[in-house]
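A.B. asks: compute the structure for the input listed below.
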Amino acid sequence: MPTSRDLPSDRPAIGQLLVKLLGEFRKELSAAGEDRGYTDLREPHMHVFGNVGIDGIRLTELAARAQLGLATMSELVTELERSGYLERRPDPADGRARLIYPTSRGRQLLDDAGDRVAEIEQHWAAVVGPEEFERTCRVLAQLLGTLTLAGREAKPGGDPTG
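C.D. replies: Residues are numbered from 1 along each chain as shown. Predicted coordinates:
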């Protein structure tokens, strides 16, 4: 069985690399948001905007996608409602439920964030080379897909087809 002594000594462990890289990504994304006038947003709001989409989503699904507790997600959505980024509307499929949608201000934020993500990817590709960046993204996507599929297969009643 592998131990910590088996880890490479010439680089940080994968978890450290991923967390630090996510921190760099969030720092670059946040700085651009402030430059574009989104000064009322906090880092936890990224969990919402990274998962909300534009077609409406239930709070429970949004929390699950963001891997946050329901109470935490509810608090974040309420803050973003008060700031004019999100709104809750009745679910046409179930009158008791409500769906969360971005407002026009929220949609503008999502558009601006998408543009900034493209800029960040272009910058990072320039740092390590476009081919290396693309290969790295594909490897990470493959790893995530394989691990996600394996997790579904391991759960009772899991759907191995995705």
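A.B. asks: for residue 43, give its distance to residue 112.
C.D. replies: 16 Å (Cβ to Cβ, to the nearest Å). Where C-beta positions appear, they are placed from N, C-alpha and C, glycine not excepted.
A.B. asks: could you do residue 95 as well?
C.D. replies: Going from residue 95 to residue 112 by Cβ to Cβ gives 34 Å.
A.B. asks: so for those two, which residue has more residues nearby?
C.D. replies: residue 112 (16 against 8; other Cβ atoms under 10 Å).
A.B. asks: contacts only, for that one.
C.D. replies: Residue 112 sits next to 32, 33, 36, 38 when contact means Cβ atoms under 8 Å, 6 or more residues apart in numbering.
A.B. asks: what's the PyMOL line that selects buried ones from the residues you listed?
C.D. replies: To isolate the buried members of these in PyMOL, using 16 or more other Cβ atoms under 10 Å:
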select buried, resi 32+33+38
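A.B. asks: nearest to residue 81, of the contacts of residue 112?
C.D. replies: Residue 81 has its nearest neighbour among those in residue 38, at 15.6 Å by Cβ to Cβ.
A.B. asks: report pLDDT for the spatially closest residue to the closest one that is not a sequence neighbour.
C.D. replies: Spatially, and ignoring its direct neighbours in sequence, residue 38 is nearest to residue 109 (6.1 Å; Cβ to Cβ, 6 or more residues apart in numbering). Reported pLDDT at residue 109 in the predicted model: 94.
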